[in-house]
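*Asks:* My questions concern the predicted model and sequence given below.
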Amino acid sequence: MNEFINYIKDYLSNNLFLVVLGILTFYQSVYIVIGFFSKKRKFNETEIYKKYAIVIAARNEEMVIGKLIDSIKQQNYDKDKIDIFVVADNCSDNTAKIAREHGAIVYERFDETKKRKGWALEFLFEQIKRDYGISSFDGYIFFDADNLVHKNFVHEINKAFVEKGGIVTGYRNIKNFDTNLISSAYGIHFYRSVVNYHRPRQRLNLGTHIAGTGYVIDSKLLLDGWNFHGLTEDTELTLYYSSKGEKISFCEDAIFYDEQPTNFFVAFRQRLRWTRGRLDAFIKTFPRLIVSTFKRLSFTTYDLFFYGFPWPFYTLIKFIFYPIIIGIIAKEITTGVFWLDFLKVLLSTFASLYLVNFLHGLLVVIRESKNIPVKTYKKIIAVFTYPWFNMITMFLALGVIIKPNVKWTRIVHDDKRSIEDIEKEN
């Protein structure tokens, strides 16, 4: 017994930071249980029908923009209460022409010095403010050009918006889950967000986060225009408004479909941008999150502090940098024993990461199976291959350190399916 107690004391003293971090984030394990077993939150029907502007930032998206606008035009909602705005940002194709032909209000922007979504949205809101007035709409719904929208999306998100106000995000489903192990891993990643974060937070009346697209914002929050220009403007917006006391709600019945990358190098480049952008957003907003947590006694901002925490850099430091630094200090870095032990620990770490992510992926696919319209054997393969998605995070952090000037690069979207095609598959 004494040996066991001494072992526990030694472990705690040598891994104190890890133990404290585990205690501080243990609640996330509770989230998994709630997200897996609880039913989705339904919002009451309402006779209040808000007026919405749907905003889309697009760059050379002629292959998909028309399909998105058509799916919006088919909404089970009063057509007079929906206007569609597209900013054709530095386009060299027919994006603007096709968007106009399909009924959108289009503004074209050409600025090679500021070439990412945040700057395009700032420009678009400047035009809307000038020509219509921000307050002429109750809310602004954001989509990306590769999205498709379920016919009840606006109807459902309106119910949640009437009840909750502020910011409401919808349910991201995946257009091309079964294309290959890249797109399926992205798919499980976003389904995992539903199970591990959105649904449990909604059941506990906590604020959640937005992820790129498929959300509505109250026009009152945008009276000063769009002010989020980072590489991950969605994370920046989430952390900023949450620190100001806004709770982002989740509407599970507001479904939209998103196209995922199918090429590993494209995916790696995109996730480098995510890694750098999330780091920038966290550095910019974490003091406000800490202040808000104590000032408002807000568990939402406490939770979102850890959501925004730069975990890839933590794992890189813990499993790569820290052992090497200790080896240098101990003057063991040049010995074969050191590198053998280092390799053993690294392999053990990756084995643990694989197992944990495999189990998470399995739970997610079981829970969200009805929303994944592919054959069972493809779901099984997806679960086994999914762990790579999170196992590469420390390499993404290393990539950001080696090349910190990460730039936004366009991802080609070429899935030409319509909303009718998607609904037939479901």
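*Replies:* Everything's here; your move.
*Asks:* Does Ala53 fall in a helix, a strand, or a coil region?
*Replies:* strand (DSSP: H, G, I helix; E, B strand; the rest coil).
*Asks:* Likewise for the one 3 residues further on?
*Replies:* Remark: Ile56 carries the secondary structure label strand [criterion: three-state DSSP].
*Asks:* Return the residues in contact with it.
*Replies:* Each residue near Ile56 by CB atoms under 8 Å, 6 or more residues apart in numbering is listed here: Ile65, Leu68, Ile84, Phe85, Val86, Val87, Ala99, Ala104, Phe142, Phe143, Asp144, Ala145. Glycine gets a C-beta too; all of them are placed from N, C-alpha and C.
*Asks:* Neighbours of Val19, how many?
*Replies:* Neighbour count of Val19, defined by other CB atoms under 10 Å: 13.
*Asks:* That one and Gln75, how far apart?
*Replies:* Distance of Val19 to Gln75, computed by CB to CB, to the nearest Å: 51 Å.
*Asks:* cool, Lys40 as well?
*Replies:* 21 Å.
*Asks:* can you give me the strands for the stretch 251-400 of the chain?
*Replies:* Counting by DSSP state E, counting those that start in this stretch, the stretch 251-400 of the chain has no strands to list.
*Asks:* All the helices of it, residue numbers only.
*Replies:* Along the stretch 251-400 of the chain, the segments classed as helices by DSSP state H, counting those that start in this stretch run 264-295, 299-308, 311-316, 322-329, 336-367, 376-385, 388-391, 393-402.
*Asks:* could those be laid out in TSV, adding mean neighbour count, distance to Ile34 and mean pLDDT?
*Replies:* Written out in TSV, the entries for the helices of the stretch 251-400 of the chain read as follows (neighbours: other CB atoms under 10 Å; distance: least, CB to CB, whole Å; pLDDT from 0 to 100):
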stretch	mean neighbour count	distance to Ile34	mean pLDDT
helix 264-295	18	21	95
helix 299-308	22	13	96
helix 311-316	19	21	91
helix 322-329	13	34	79
helix 336-367	15	11	90
helix 376-385	15	21	96
helix 388-391	18	21	95
helix 393-402	18	25	94
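*Asks:* Can you lay out those helices as CSV showing distance to Phe123?
*Replies:* Formatted as CSV, these follow (distance: least, CB to CB, whole Å):
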stretch, distance to Phe123
helix 264-295, 20
helix 299-308, 27
helix 311-316, 32
helix 322-329, 44
helix 336-367, 37
helix 376-385, 39
helix 388-391, 33
helix 393-402, 28
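*Asks:* Nearest to Ser184 among those helices would be which one?
*Replies:* Across the helices of the stretch 251-400 of the chain, Ser184 has its closest neighbour in helix 376-385 (3.8 Å, CB to CB).
*Asks:* distance between the closest one and the chain's centre?
*Replies:* 22 Å (CA atoms, centre = their mean, to the nearest Å).
*Asks:* CA atoms of that helix as CSV?
*Replies:* Extracted C-alpha coordinates of helix 376-385, given in CSV (Å, rounded to 0.1, in the frame of the first residue of the first chain):
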residue,chain,number,x,y,z
THR,A,376,-22.7,0.4,-43.2
TYR,A,377,-19.4,-1.0,-44.3
LYS,A,378,-18.3,2.5,-45.5
LYS,A,379,-19.2,3.9,-42.0
ILE,A,380,-17.1,1.1,-40.4
ILE,A,381,-14.1,2.0,-42.7
ALA,A,382,-14.6,5.7,-41.9
VAL,A,383,-14.4,5.0,-38.1
PHE,A,384,-11.2,3.1,-38.5
THR,A,385,-9.5,5.7,-40.7
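*Asks:* Show me what the closest residue to Asp258 other than its chain neighbours is bridged to.
*Replies:* Once flanking residues are discounted, Asp258 sits nearest to Arg172: 5.3 Å by CB to CB, 6 or more residues apart in numbering. Beta bridges link Arg172 to Phe256 when assigned by DSSP bridges.
*Asks:* Now for the contacts of Ile56: which two are most distant?
*Replies:* Spatial extent of those (CB to CB) is set by the pair Ala99 and Phe142 at 15.6 Å.
*Asks:* The two: which is more packed in?
*Replies:* Between Ala99 and Phe142, counted using other CB under 10 Å, the more crowded position is Ala99 (28 against 23).
*Asks:* Can you give me the distance of that one to Gly66?
*Replies:* 7 Å.
*Asks:* same thing with Ile134?
*Replies:* 27 Å.
*Asks:* Quick check on these two: which one has the bigger neighbour count.
*Replies:* Using other CB under 10 Å as the criterion, Ile134 and Gly66 rank with Gly66 on top: 21 against 17.
*Asks:* dump the residue contacts of the more buried one.
*Replies:* Ile98, Ala99, Glu101, His102.
*Asks:* pretty sure Ile167 contacts Tyr240?
*Replies:* No - Ile167 is beyond contact range of Tyr240, at 10.9 Å (criterion: CB atoms under 8 Å).
*Asks:* neighbour-wise, which of these two wins?
*Replies:* Taking neighbours as other CB under 10 Å, Ile167 and Tyr240 compare with Ile167 leading, 24 against 17.
*Asks:* Which residues are in contact with the more buried one?
*Replies:* Ile167 makes contacts with Ile210, Tyr215, Val216, Ile217, Asp218, Leu221, Tyr241, Glu246, Ile248, Ser249, as judged by CB under 8 Å, 6+ apart.
*Asks:* By mean pLDDT, point me to the weakest helix or strand of this structure.
*Replies:* Least confident helix or strand of the chain, by mean pLDDT, DSSP states H and E, is helix 2-14 with a mean of 46.
*Asks:* Quick one: name whatever helix or strand follows that one.
*Replies:* helix 16-24 (DSSP states H and E).
*Asks:* So which residues of the stretch 101-250 of the chain form strands?
*Replies:* In the stretch 101-250 of the chain, the segments counted as strands under DSSP E, counting those that start in this stretch are 105-109, 139-144, 148-149, 167-174, 215-218, 248-258.
*Asks:* Give the pairing partners of the shortest one; include direction for each.
*Replies:* So that's strand 148-149. Short version: by DSSP bridges, strand 148-149 pairs with strand 248-258 (antiparallel).
*Asks:* Go ahead and measure how far the partner strand is from the middle of the chain.
*Replies:* 12 Å.
*Asks:* So which bits of it are buried?
*Replies:* Buried residues in strand 248-258, counting neighbours by 16 or more other CB atoms under 10 Å, are found at Ile248, Ser249, Phe250, Cys251, Glu252, Asp253, Ala254, Ile255, Phe256, Tyr257, Asp258.
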